Each structure stands twice: as structure tokens, then as C-alpha cells.
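K.L.:
next come a sequence and a model predicted from it.
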Amino acid sequence: MKSLVTKILFKFIIGVLFIAIIMKGEIPSVFAKKNNHDVQLSKKSDSSKDVDDVDDDVDDDEDDEGEDDEEGEDEEGSHNAGRNCLTSGCHSGSGEERFSIGGTIYTDADGTDARVGAKIKVIDTNGSTATLTSNQIGNFYTEKSMTAPFTITASYQGRDVEMPTVASGGGCNADGCHAEGSSAGRIFISTNDLDLTGTVTESSSDGGPSEISYNSDIKSILDAKCISCHQSGGAKSDVPLTTYAEVTDTKLVTPGSADSLLIRKLNKDLSEGTMWVNLNSTSEYNKIKDWIVVYNAQEYSSSQGSAGAAISDAKVKLSKNGRVKYKTTTDSTGAFVLEKVKAGKYTLKVFKKGYKRHTQSYQMNQSNSTSLEIMLNKK
């Protein structure tokens with residue numbers, strides 16, 4: 001009997017000790033291993049959450065209605081930053097994890113730091129759209145079936161950078177595109193915003209119907225559509241288009257000739273018309289063509305004349321989506337400065353009472369901002 005009581009008491013003590021160990025969290029190793037595994041999975045799951053910085057421009061809607069949002073931030077895409085995913089052997093071919101688009105976005109052209117939370121909007125040749133978000137090391141990708149060529153725009157906190165030409169493939173980090181050391185540099189969006197400067201002067205002649213000239217008609221088109229590539233540091237820096245002398249180089253323009261290379265490059269109906277995708281405007285194409293063929297690529301028209309007196313207190317405004325983002329007035333010398341303008345497409349308006357309003361589209365780049373020269377005609 002005594003032996004039986006001892007056994008029962010021993011079992012009771014063991015049971016109490018076991019409960020006490022559990023209460024203190026001292027779980028046997030078999031349970032601890034399982035719990036640690038669960039914690040690791042939870043951490044990986046947390047890392048796949050969207051990283052979406054708030055856009056400080058409330059009217060700049062980056063995700064169009066009806067787009068197919070795909071966030072490139074899960075475990076499968078969070079490695080090998082800077083590599084061409086589509087040819088690495090991992091995400092090419094016909095497997096389940098085949099990427100149609102894949103790349104890495106940085107804070108500068110040298111690929112110094114990852115840009116987290118950037119939005120990359122891709123539109124394929126069939127109009128299908130995907131909006132991707134860069135993950136913690138800058139990677140973005142999609143497994144959605146898409147067909148090249150692609151129109152690609154990257155956005156971050158109100159800054160918009162559009163690829164100047166269509167992409168022939170989805171491997172953004174491919175050799176010759178945005179690989180390390182390439183002429184185009186890494187895909188990047190900088191928060192180092194630049195000042196936009198310029199001068200406003202009065203046309204030296206008064207009136208009459210305007211002919212087409214470089215200064216009054218052509219320069220604003222090329223500034224908005226072409227010089228992001230065709231300038232120092234651009235992808236096409238070997239063919240600069242920032243000045244009258246550069247645009248009218250004999251290799252590009254033969255005054256009076258419709259066979260000028262510049263016209264052919266802008267002609268959407270020709271196989272060599274590769275610049276049409278940037279121009280994308282029949283009226284602007286016709287204006288450039290008439291400037292070369294009809295008006296012999298002149299610098300100033302007879303009515304527009306050359307720059308005259310400086311115009312002070314003229315109002316200068318940059319607008320996006322119908323909202324004024326930056327504004328200033330010219331000083332006594334006609335000069336103006338719009339400070340820290342974010343990259344993107346804008347409408348530039350310059351006006352003063354007694355003068356005709358000047359309006360043009362303007363693309364603010366992330367580097368090499370060109371100073372503007374604007375002339376106003378008297379009413």
C-alpha cells in the first residue's frame with residue numbers, strides 16, 4: 001500500500017514540474033524547433049508587404065483604374081539585385097516562375113542604393129498594363145504574360161521618369177540596357193531635385209503672321225520630346241539636339257529637303273523612323289518638316305525676330321494634371337528660377353499683361369536641366 005501511494009505521489013510531482021516548465025516557456029526542443037520555424041515563416045511573410053511611400057502630390061494618381069497591380073516583393077524576387085532575371089536560368093523558359101518583366105531600380109545611375117517603393121508602370125504592345133512595386137533591395141518583376149515592346153514609366157513620391165524609347169524586351173538589367181557600366185546607366189529615380197532656370201525677353205519685331213522658326217517653334221518641341229536622350233550624359237549624347245547649331249548639323253538637316261535625316265527619323269511610316277515614339281504628334285512632325293522644307297531651317301522668322309529687351313515681372317508657372325506645382329516671376333533682367341523641380345512632364349506657361357501667352361510642354365529631367373530662353377510677342 002505504501003508503495004502504491006509513493007508511486008502516485010511521484011507521478012503527481014512529475015506532472016506539476018512539467019506544467020511549470022511549460023508555463024515558463026521552457027518547451028522541449030522538439031516543440032522549440034517547430035515554433036522557431038513558424039517565427040521564420042512569419043518574418044518572411046512580413047517582408048513581402050507593400051512598401052508604398054505616400055505621394056506628396058495628391059493629384060498625381062500613379063495607378064490608373066483597371067490596371068493589373070502586381071507587387072514584386074515576395075521571397076522569390078528578393079535576391080540577385082542588378083542581374084538580368086530573364087536570362088539567368090531562374091526565371092526564363094516555360095516554368096511557373098517565368099518573368100515577363102524584371103529589373104532593379106536605384107537612387108542614382110551608378111546603382112549605389114536601392115530605391116524601395118518605386119512604382120513601375122508597364123504597358124505592352126497590346127495595351128495590357130501592369131504596375132509593379134520595387135522591394136527592399138530595389139527588385140521588381142511580374143509573371144503576367146506581356147508582349148514586347150513595352151512603354152515603361154517609373155514613379156516615386158511625385159517624380160516621374162519615362163523611358164524615352166520603347167523597350168524591346170523585359171530584361172531591364174540586360175547587357176547594353178541598364179547593366180552596370182552601361183551608357184544608359186542603372187534604372188534610377190533621384191530625390192535630388194534640380195532648379196529650372198531661364199530668361200524671358202521681348203521679341204524685337206512686332207507682328208504679323210508667324211512663320212516657322214527654330215527659336216519660336218522647334219526648340220520647345222525638341223526640349224520636351226528629344227533632349228532627355230540627345231544631350232550630354234544622355235543615351236544619345238553622340239547626336240546632341242540642344243542648340244540650333246546641333247539641330248541643323250549637315251548630317252541631320254539639309255535646308256529645303258524632305259529627305260533630311262531628322263525628318264526621316266521622325267517619320268512614323270518609315271522603318272528608320274525610330275524617334276516617332278518620342279514625338280508621337282502628327283502636328284509637331286508636320287511643323288518640323290515644314291520648318292526644314294518650307295522655311296529652310298531658319299533660326300528666326302521675320303515676324304518673331306530675335307530676342308529684345310528683358311521682360312521683368314512676367315509670371316512663370318509649371319503645371320501638372322491641371323494643377324500649378326511651381327511658380328515664380330522674372331526679375332529685372334528677365335531671369336527666373338523655379339527651385340527643386342521634381343522630374344516629370346509639365347505644362348510651362350509664361351505670361352504678362354500686354355503680351356501673348358507662351359505655352360509649351362516641358363520634360364524635367366533628373367540631370368542636365370537646360371536653361372530656357374523664352375520670347376514673348378506683344379499683343
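P.N.:
All right, it came through fine. Source: prediction; values computed, not measured. Numbers count the residues shown, from 1 in each chain.

K.L.:
now the phi/psi pair for Asp223, please.
P.N.:
Here is the backbone geometry of Asp223 (degrees, to the nearest 10): phi -60, psi -40.

K.L.:
residues in contact with it?
P.N.:
Residues near Asp223 by Cβ atoms under 8 Å, 6 or more residues apart in numbering: Gln360, Tyr362, Gln363, Thr370, Leu372. From N, CA and C alone the C-beta is placed, and that goes for glycine too.

K.L.:
among those residues, which are located in strands?
P.N.:
Cross-referencing the contacts of Asp223 against strands under DSSP state E gives Gln360, Tyr362, Gln363, Leu372.

K.L.:
redo the residues you listed as JSON lines? Include distance to Ala224 and pLDDT.
P.N.:
Compiled in JSON lines, those are given as follows (distance: Cβ to Cβ, whole Å; pLDDT from 0 to 100):
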{"residue": "Gln360", "distance to Ala224": "7", "pLDDT": "85"}
{"residue": "Tyr362", "distance to Ala224": "6", "pLDDT": "86"}
{"residue": "Gln363", "distance to Ala224": "5", "pLDDT": "84"}
{"residue": "Leu372", "distance to Ala224": "11", "pLDDT": "88"}
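
K.L.:
give me the low-pLDDT residue ranges for the stretch 51-200 of the chain?
P.N.:
51-78, 88-89, 93-96 (pLDDT under 70).

K.L.:
one more pass at 50, please.
P.N.:
Residue ranges of the stretch 51-200 of the chain with pLDDT under 50: 51-77.

K.L.:
can you name every helix or strand that the helix or strand containing Lys345 contacts?
P.N.:
Here Lys345 sits within strand 344-351, counting by DSSP states H and E. Counting contacts by 3 or more Cβ pairs under 8 Å, 6 or more residues apart in numbering; DSSP states H and E, strand 344-351 packs against strand 159-162, strand 315-320, strand 358-364, strand 372-376.

K.L.:
helices of the stretch 251-379 of the chain, start to end?
P.N.:
261-266, 276-279, 282-293 (DSSP state H, counting those that start in this stretch).

K.L.:
now the shortest one: how far from the chain's centre is it?
P.N.:
On the basis of Cα atoms, centre = their mean, to the nearest Å, helix 276-279 is displaced by 16 Å from the centre of the chain it belongs to.

K.L.:
tell me the domain ranges of the protein?
P.N.:
Residue ranges for the domains of the chain, per automatic domain parsing: 49-191, 194-376.

K.L.:
quick one: residues contacting the spatially closest residue to Asn296 that is not a sequence neighbour.
P.N.:
Take Asn296 and drop its neighbours on the chain: the residue closest to it by Cβ to Cβ, 6 or more residues apart in numbering is Pro255, 3.9 Å away. Shown in contact with Pro255 (Cβ under 8 Å, 6+ apart): Thr248, Ile292, Asn296, Ala297.

K.L.:
repeat that with 10 Å
P.N.:
Taking Cβ atoms under 10 Å, 6 or more residues apart in numbering as the contact definition, Pro255 lies against Thr248, Trp291, Ile292, Val293, Tyr295, Asn296, Ala297, Gln298.

K.L.:
and the closest residue to the second one other than its chain neighbours, helix, strand or coil?
P.N.:
Yep, that's Trp291 we're talking about. In space, and not counting its chain neighbours, Trp291 is closest to Ile212: 4.4 Å by Cβ to Cβ, 6+ apart. Three-state assignment for Ile212 (DSSP: H, G, I helix; E, B strand; the rest coil): coil.
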